[in-house]
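> Pasting a predicted model and its sequence here:
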Amino acid sequence: GAVVSQHPSWVICKSGTSVKIECRSLDFQATTMFWYRQFPKQSLMLMATSNEGSKATYEQGVEKDKFLINHASLTLSTLTVTSAHPEDSSFYICSARGQAAVTNTEAFFGQGTRLTVV
Amino acid sequence: AQTVTQSQPEMSVQEAETVTLSCTYDTSESDYYLFWYKQPPSRQMILVIRQEAYKQQNATENRFSVNFQKAAKSFSLKISDSQLGDAAMYFCAYSPNTDKLIFGTGTRLQVFP
């Protein structure tokens, strides 16, 4: 099956610094990648949708200057949390869809990244 | 707006028994996909089952089956012969074709021996 790898799986950073999270599709070309945020014991909330080679589309209420998304290739999307603050601490999950018939009708998820800002 | 509602925050079932998790959704689209995802303590999202709205036949995957009622916008998940490994958070999700996923609030399933 299609595999999506997310790195790092957990990260602790100091308040005010930036953190980059990578999402890679290992065995298929991901034309669209999605970034979600999940607070403890809550559901996944979509933050943004990125298409390869174009600017990300952010959901209402998500600060595009704070959560920078880059989808420079068909196998890699990155989420950078800039000037992180403790309230940005959360679980971030990426998912990817491909072009081929076997990969375009469902989303394949990465393992998630637990971000803790201290 | 498209929404997904899971009215059962928690459910419990005895091992080997059957349990049904409820999900309703709201959309004006006629063509879409519905999913059930499992999220164990590792927090890795695992696809349990998928249903295409244009298919009348209910999807089944081994012990997992759905009851898809398009007119009622209902999409329940039935787990038969429950196993201890089925214990997890279960999320119902809606997707308009190849677009984003909209998740429900989740149901925590406990399985007792």
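That came in fine, so what should we check first?

> use CA for all of it now, contacts and neighbours both
Noted.

> beta partners for the one residue sitting closest to the centre of chain B?
In chain B, the residue lying closest to the centroid (CA atoms, centre = their mean) is B:W36, at 3.3 Å. Counting by DSSP bridges, B:W36 is bridged to B:I49, B:C92.

> Read off the pLDDT value for it.
Note on B:W36: pLDDT of 97.

> ok, it touching B:F91?
Yes - between B:W36 and B:F91 there is a contact under CA atoms under 8 Å: 5.7 Å.

> Contact partners for the residue nearest to the centre of chain B?
Each residue near B:W36 by CA atoms under 8 Å, 6 or more residues apart in numbering or on different chains is listed here: B:47-50, B:77, B:90-93.

> What parts of chain B come near chain A?
Within chain B, the positions lying close to chain A (CA under 8 Å from any CA of the partner chain) are B:43-46, B:91, B:97-98, B:100-106.

> among these, which are in strands?
Within these, residues falling in strands by DSSP state E are B:46, B:91, B:102-103.

> mind showing which ranges of chain A have poor pLDDT?
Chain A contains residues with pLDDT under 70 at A:1, A:99-105.

> and it, which residues reach chain B?
Counting by CA under 8 Å from any CA, the residues of chain A lying close to chain B are A:34, A:42-46, A:49, A:97, A:104-106, A:109-112.

> Taking the residues you listed together, which two end up most distant?
Pairwise distances across these peak at 26.6 Å for A:Q42 and A:N104 (criterion: CA to CA).

> So which of the two has more stuff around it?
Counted by other CA atoms under 10 Å in any protein chain shown, A:Q42 and A:N104 do not tie: A:N104 has more neighbours, with 18 against 12.

> Derive a PyMOL selection command for the buried subset of the residues of chain B next to chain A.
In PyMOL, this line selects whichever of these come out buried by 16 or more other CA atoms under 10 Å in any protein chain shown:
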select buried, chain B and resi 43+45+46+91+97+98+100+101+102+103+104+105+106
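
> Please identify which pair of the residues of chain B next to chain A lies farthest apart.
By the measure CA to CA, B:R43 and B:N97 form the most distant pair in these, at 25.0 Å.

> Contact partners for A:T32?
A:T32 sits next to A:49-52, A:96-98 when contact means CA under 8 Å, 6+ apart.

> For those residues, could you give me a markdown table that also reports secondary structure and neighbour count?
A markdown table is the format used below for the contacts of A:T32 (DSSP: H, G, I helix; E, B strand; the rest coil; neighbours: other CA atoms under 10 Å in any protein chain shown):
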| residue | secondary structure | neighbour count |
| --- | --- | --- |
| A:T49 | strand | 22 |
| A:S50 | strand | 23 |
| A:N51 | strand | 21 |
| A:E52 | coil | 19 |
| A:A96 | strand | 32 |
| A:R97 | strand | 27 |
| A:G98 | strand | 23 |
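
> Would you mind putting those into CSV with distance to B:Y25 alongside?
CSV is the format used below for those (distance: CA to CA, whole Å):
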residue, distance to B:Y25
A:T49, 22
A:S50, 25
A:N51, 27
A:E52, 30
A:A96, 23
A:R97, 22
A:G98, 25
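
> circling back: of all pairs in the contacts of B:W36, which one is the farthest apart?
Greatest spatial distance in the contacts of B:W36: B:R50 and B:Y90, 13.3 Å, computed using CA to CA.

> Which of these two has more residues huddled nearby?
Counted by other CA under 10 Å, B:R50 and B:Y90 do not tie: B:Y90 has more neighbours, with 28 against 21.

> Can you tell me the strand partners of the helix or strand hosting A:R114 and which way each runs?
Here A:R114 sits within strand A:113-117, counting by DSSP states H and E. With DSSP bridges as the test, strand A:113-117 is paired with strand A:10-13 (parallel), strand A:90-98 (antiparallel).
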